[in-house]
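Asker: just coords:
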């Protein structure tokens, strides 16, 4: 079979670490093209409440993805055998204004989403509100949320402001973007400011599986809980890389010690159901990523998300 | 409930990463105050036999602790609901003289210990002799030792000298500070200089659980062994951060490959008994901690130790 | 002479790297005290348009300042012989909102400024608007600005927004905070987006001395130009650490190659006139400062600024 | 027992981190000596297809080995009680020519191998061809291969060239150096360029155990599979440090997320059979090893390999 | 004036650090376009005799160039006012074969050079042979060489091989690519293997100005020497970033202490004559560039070279 | 001429970065050999009052020296044409005891010094007392001291102790090891604890040239001052690497901003007189040396010192 426009450049034609960096060395999105999936960046970290730097995430994800190849050893097929994928570059953001940024992102994602599914590369977690808004519109119903993170991001406000990376999923519930009854958060751990914070999930009707529960029960039971929860809704998967122990991803703004391994997280992602219509990986802060493991982990997460989007392509 | 003097500064009043750094942003110890627990540093590494740097440990622990909040998700209460805690700064040491330093530390800890329980932040492991001496005096009996470490620190001398981080617990036995029959060391692994070194525990009557045994048996059985060993004695918990695999804490002077994860270590600490009257976390060498994971792990250990001290407050 | 409350802790009483970190180990500001000078941090980087991280600047400045001692070898007196100085910690900011932050900062600086001169530690350069607003009020007239920086920060807007680190001094002119006819910018270099940018100084009536001119003419002639320009106005000194070549300070968000050495910059600061009523050092981004030279340089700049504020204390 | 020429320098005679660095501070190989085992480096990375740097591996391995002591806690004997070991320094290589280098290495290893077993420190994985060629000659038969790696290194050519770190074991089969029917590869994971790559093992008759299978089955069953596969053939063990998750070894050119822990890998090595006649540890790229964990892990692997070579010494 | 296809993306349309990374965010080269200047990478370091890593240079140069803007403050015009420039990505190389790589590079540069001038981003210095070969053909005469470097790169062979980064300019003389009588090398310093090495320039007829001479005489006299030497020949400028002191560029394989500052080097480049028909910047090894100053310096050099190429565009 | 035992290994026989690391790849000292010069390490940092780590200095100096070749471009001869040089490894020290260490060092240097001149690699500056004691004995008179450093190291005591890196030269005067009237200190700068500290030189009769004076006057006048001061006495040169600006050497425990460049320091060393009978380079702390520039600078200083020792060989 001849390589198509959308195939990643073959290693025999160009070393993987060379050339203009796109995600996995796939083609940049060209005007007039409508691939099945578009990978885009949201280079914004104005919603960060601790260490910043996630604005540099998308370029680092692209760079780290040069070690990823199109054939998936577990799913046993090549990404581009089933779908076309292009790298749409980064979306326009205003580094100093979160309200404007969310509007810009939503507008751009709405347009891109007319023809393609989106894999979004953050940016801090506040950017997730934009693809959820765009998807809500497109699908005409709230989505099921599958959320992997050390934190539930369900705060109401911080310093009086409604928009930041710690409030994003409460906003999503309030705006009707996700259906709490079909949503699940996996990986919560670490200390809390108030006892109330431990009740946020119950309060909003979202199921949570803590890191302790996850590692006690194992991936298969967690996967069953997810599948049951999601049901037949179109699903959105959001992965904050701090879900993994900081040994595997030190390059993130709010690391929590005592997390699962990258093996556990990536294996769980391979088990997720086939109704995924949108996805993101967020909170990679490359300036803190001295080992580069965080970018590699984030790119590996993005790789799994791409296959999930490909599998759900018929939805 | 109004926040008291001892409450950590709320995130809504000041970003967690801002202000003068104290442990968890709790109040600095003021003259005339006697909180239940005092956190203090021993900025000394003159007992190090390999890579130095642990003298910078206390400040790095404070900085890393800004991601820790007062409510404990597993213990299900807020630290400051039960006890008052203040940061006592660092104790005076003489960087170039270990004998003088141990005397200075003991003297200062004796005074502080009259009114408060102490959480000591090292410094290399040689500093542990000082709180043990002060506690022995205060409690009028040898203490039970719960010691997490990759090394047993039971050497007799090194280069002819009796005081350094590899001999500290043999000195503690000899000085009658700890009761070997109620003491236990968990996490030993790695290569040894002589076969004799493998017999040090037996020789002195201290039980050891190697990393292999720990990971084979699991935390629950190890916790039972600890509880049984400690019995009803007042207990001292000493955690050398090299107990964890260097993937989770590269910032330490004598790392040993092949250790447990931070999840395993932190989970074990949450299971420990309620008779803890003193504790320390040592051997954080921040200049080696390029990922900052070591400081975060050490601060997370200190956080668990604070709750242990709080639970044992009625002893 | 007995050490007073305001003397830095002597090295003989405590190692310089130990204890709770304040700037130069001076006393934390206590309620009811009104020292001549207060050092405070503005931990905010929401005005950054490139790499973020300056919000972590104040704590890093404090840590790096432990190598600075109170006696000035060139000025030949001890800081605390002439003035009292305390570390006021950090001011409250809202990480996600620049407009609110500038209001919070101005309000707090107005109060502090009633009794003390302020040395402000940034934060990104957008925070400088706050002390200028407070000083304008206090002195009842626009100030003379002495501004060391690789960039003139005279843009009108960026992405439609008026407040960020590239527009701060145009805002200061527009708001009448500084008198362009008595203001001078030193150190400009590097590439520009438009030819117009090269005319911003002329347009607003502010004199600029480029890095090329500075290194051609030497510090003495530049100091004369500054003195002549400032005249008898109360002066505010603002130092962006990117004024120095990145070899001396890589830990900053918008480094420009081809700058002067730290020797040149520090020597110039020692020559500045004695009418300085306020000062800041900004744009230290510690997560980028792998060598720690940037924090050391920024602390050394702050040290020089403290002496300038002390010298001008009689104004 | 008096220390012999071959004993590592005692810690009581010299700090472990001091003196001219040899592996584990054992004696440098002297002319006219024929120790049982020689440790040598192959400082070559001209076969690397991604990030280079493994040429600096041998010196970094020596430096990191200063924390390894001669008594093995699990095997319960001292290395030098059974065998004599010396550090033979590095072999001559031509940094810019892989064909010449393989010839130089083979020639030198043939000579060294006449009297001593070899532990080779890479260098990238392409260097393994040389000890296999030398061993094939010496033993007069193909060897059993035990290969730990995230990648199978069974490509045919890359950019038209037959020799590089991705083709080494296909060459070894073609040249009759290893017997595929007695060879086994453990740890494969990650994405592939083509489906065909997933069949390379079957095609050549080499059994593969993926990381998924390894972690599902556990070390004991994997060890049985290895023992059964190897049978009574003389065995060669080749460990690419990227077999471990990059959290434990970020200093390597082609890291793959989602791997086993160092505990798992080192424990497996301790279970290997006693017919090992040659071994190597490769792909340590120290310039990427910011945590130094990779060098420590590689040295710990080398330590286990030394004991395997010692145990098989009677073969 | 409307922005054309070739204008860098305006900062107001996209943050400079965002989007697919090209050099200075200029347009990627499109099929059928023939801009005046093409920037291309040669991601090869198989000619390195010390620390490798320069193969990763081109991507790092692109990333670092996001701080460079099109208007040149000294030359007082915008790059794209005079010429069109596009980023041609990277040329195909064979990481494991230097002879093949030089052929591939020469072939590709010959084609590109038919329509555009080339700014080449290395790679190690061995790649310079390719653009010299292509330019020799195109101009029908040997070129004048202006070579800035700490080393003269005039060795005959290394380990028996003719092609590597230490022999490139002897090869260029032998192949008639450069005219020694019109060539000059600036910046030589550091220790030498043999006295003979100090005579290589004289032997081949190339003038050398050592770092000592350069810093004694100053840029103006060096520029005169260069201009006089070059005469009216078409000139090629080759800059090895190790010409600058490692304080300004630690990310290179063979650093030499005691060099000039980046200010000195960049200022000299701004003085060069207007007959430059080809140029390169080489030996950036990003994995060693922990400060990122080296990439910034290399990008700043590339920026100056672009203007030189633009000025000479009428030749 | 055939290469002798003492010649560094030729680059054509072994890559410079390969093999067992000795200083400049010269031969290790063999029993029964008495070369003209011996390079030895003193791996001790127990005299450090700020950041430790200089105990790891000697190995880092050896590693960094692989870029240094035997022919000196300015002195115009090969080191080994005039003298024989060997690497004596490291001297025995007791990491935890400074008094014992100084005795051990003095004893060992006395023996080595009977036959060879010594170039000592620190370690912190406290170790310098040992070679001064040994040289005093050997030469039967106090030596002239040429001391390059940012600090004068003339404190009386620190925390009550007489021996540490800040008191070494006062001890040397008191013990009659150096003749103050023929001694000179160059490079002093930075802040002081007390005014008294600024008088230490005058008090003891040692001339000081500050960094300001040095950079004002230039190397030639400083060299004259040194030559005049030293007169005809045998001279000892001690270089603390913090004499240079931290941009050129961040890997040291007490860096001072605002120093000279490496070019200035190395050029001054090349001008020193020919009566040098002993020398050291100290205070390299490799764990802080993220750029590796400090080790390269220290090795370059050691290289210059070797030539000074060679030139003075006839004394």
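Answerer: All right, it came through fine. Just so it is clear, the model here is predicted, and its values are computed rather than measured.
Asker: From here on, just use CA atoms for contacts and neighbour counts.
Answerer: Noted.
Asker: near chain E, anything from the one helix or strand residue A:309 maps to?
Answerer: Using DSSP states H and E, residue A:309 sits within helix A:293-311. No - Helix A:293-311 lies out of reach of chain E by C-alpha under 8 Å from any C-alpha of the partner chain, never closer than 14.2 Å.
Asker: helices and strands around the helix or strand of chain A with the lowest mean pLDDT, which ones?
Answerer: The weakest-scoring helix or strand in chain A, judged by mean pLDDT, DSSP states H and E, is helix A:79-82 (a mean of 90). Other helices and strands packing on helix A:79-82, by 3 or more C-alpha pairs under 8 Å, 6 or more residues apart in numbering or on different chains; DSSP states H and E, are helix A:293-311.
Asker: per-residue confidence averaged over the helix it packs on?
Answerer: The average pLDDT within helix A:293-311 is 97.
Asker: Same check on stretch A:209-225?
Answerer: On average, stretch A:209-225 scores 98.
Asker: Let's see the distance spanning that stretch from one end to the other.
Answerer: 9 Å (C-alpha to C-alpha, to the nearest Å).
Asker: Name the residues that touch it?
Answerer: A:150, A:184-189, A:259-260, A:264, A:267-268, A:271-272 (C-alpha atoms under 8 Å, 6 or more residues apart in numbering or on different chains).
Asker: Look up the residues forming beta bridges with the closest residue to residue A:194 other than its chain neighbours.
Answerer: Nearest residue to residue A:194 in three dimensions, chain neighbours excluded: residue B:71, at 5.6 Å (C-alpha to C-alpha, 6 or more residues apart in numbering or on different chains). Beta-bridge partners of residue B:71, counted by DSSP bridges, are residue A:192, residue B:78.
Asker: Report the separation between residue B:71 and residue B:8.
Answerer: Using C-alpha to C-alpha, one gets 11 Å for the distance from residue B:71 to residue B:8.
Asker: and if you look at residue A:70?
Answerer: 50 Å.
Asker: what do you get for residue A:25?
Answerer: To residue B:8, residue A:25 is 48 Å away according to C-alpha to C-alpha.
Asker: Looking at the two, which one has more neighbours?
Answerer: It is residue A:25, of residue A:25 and residue B:8, that has more neighbours when counted by other C-alpha atoms under 10 Å in any protein chain shown, with 28 against 22.
Asker: Report pLDDT for the more buried one.
Answerer: Listed pLDDT for residue A:25 reads 94.
Asker: Quick check: chain neighbours aside, which residue is closest to it?
Answerer: residue A:8 (5.2 Å).
Asker: The residue in chain A that chain D sits nearest to: which element?
Answerer: Nearest residue of chain A to chain D (C-alpha to the nearest C-alpha) works out as residue A:263 at 3.9 Å. Per DSSP H and E: residue A:263 is located in helix A:262-270.
Asker: Buried residues of that helix, list them for me.
Answerer: By neighbour count on 16 or more other C-alpha atoms under 10 Å in any protein chain shown, the buried set for helix A:262-270 is A:262, A:263, A:264, A:265, A:266, A:267, A:268, A:269, A:270.
Asker: CSV for those residues, including pLDDT?
Answerer: Shown next, in CSV, are the buried residues of helix A:262-270 (pLDDT from 0 to 100):
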residue, pLDDT
A:262, 98
A:263, 98
A:264, 98
A:265, 98
A:266, 98
A:267, 98
A:268, 98
A:269, 98
A:270, 97
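Asker: In the stretch 201-315 of chain A, mark out all the helices, start to finish.
Answerer: A:211-217, A:219-230, A:262-270, A:293-311 (DSSP state H, counting those that start in this stretch).
Asker: tilt between the second one and helix A:262-270?
Answerer: Per axes from the mean of the first three to the mean of the last three C-alpha atoms, to 10 degrees, the angle that helix A:219-230 makes with helix A:262-270 is 40 degrees.
Asker: what's the offset of helix A:219-230 from the middle of its chain?
Answerer: Helix A:219-230 sits 18 Å away from the centroid of its parent chain (C-alpha atoms, centre = their mean, to the nearest Å).
Asker: tell me which residues in that helix are buried?
Answerer: Quick answer for helix A:219-230 (16+ other C-alpha under 10 Å): A:219, A:222, A:223, A:226, A:227, A:229, A:230.
Asker: which residue does chain A bring closest to chain B?
Answerer: residue A:258 (3.8 Å).
Asker: mind listing what the residue nearest to that residue when sequence neighbours are not counted touches?
Answerer: The shortest distance from residue A:258 to any residue other than its chain neighbours is 3.8 Å, reached at residue B:263 (C-alpha to C-alpha, 6+ apart). By C-alpha under 8 Å, 6+ apart, the contact set of residue B:263 is A:257, A:258, A:259, A:260.
Asker: and the gap between residue A:273 and residue E:106?
Answerer: According to C-alpha to C-alpha, residue A:273 stands 51 Å off from residue E:106.
Asker: So these two - more neighbours on which side?
Answerer: Neighbours per residue, other C-alpha under 10 Å: of residue A:273 and residue E:106, the larger number sits with residue E:106, 22 against 19.
Asker: quick one: the more buried one is in a strand?
Answerer: No - judged by DSSP: H, G, I helix; E, B strand; the rest coil, residue E:106 forms no part of a strand; its state is helix.
Asker: Surely it and residue E:135 touch.
Answerer: No - if you go by C-alpha atoms under 8 Å, residue E:106 and residue E:135 don't touch, sitting 9.4 Å apart.
Asker: quick one, strands of the stretch 151-300 of chain A?
Answerer: Secondary structure of the stretch 151-300 of chain A, counting by DSSP state E, counting those that start in this stretch: strands at A:184-188, A:207-210, A:235-240, A:276-282.
Asker: Could you export the ones you listed to CSV, including columns for distance to residue E:21 and mean neighbour count?
Answerer: Listed next are those as CSV, based on distance: least, C-alpha to C-alpha, whole Å; neighbours: other C-alpha atoms under 10 Å in any protein chain shown:
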stretch, distance to residue E:21, mean neighbour count
strand A:184-188, 34, 24
strand A:207-210, 39, 19
strand A:235-240, 24, 24
strand A:276-282, 20, 27
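Asker: between these, which one is nearest to residue C:144?
Answerer: Judged by C-alpha to C-alpha, the one of the strands of the stretch 151-300 of chain A that comes nearest to residue C:144 is strand A:276-282, at 44.8 Å.
Asker: Within its sheet, name the partner strands of that closest one and how each one runs.
Answerer: In the sheet, strand A:276-282 lines up with strand A:117-122 (parallel), strand A:235-240 (parallel) (DSSP bridges).
Asker: Now those in TSV, please, with extra columns for mean pLDDT.
Answerer: Shown next, in TSV, are the strands paired with strand A:276-282 (pLDDT from 0 to 100):
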stretch	mean pLDDT
strand A:117-122	98
strand A:235-240	98
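Asker: Please give the element, helix or strand, for residue A:129.
Answerer: Using DSSP H and E, residue A:129 sits in helix A:129-139.
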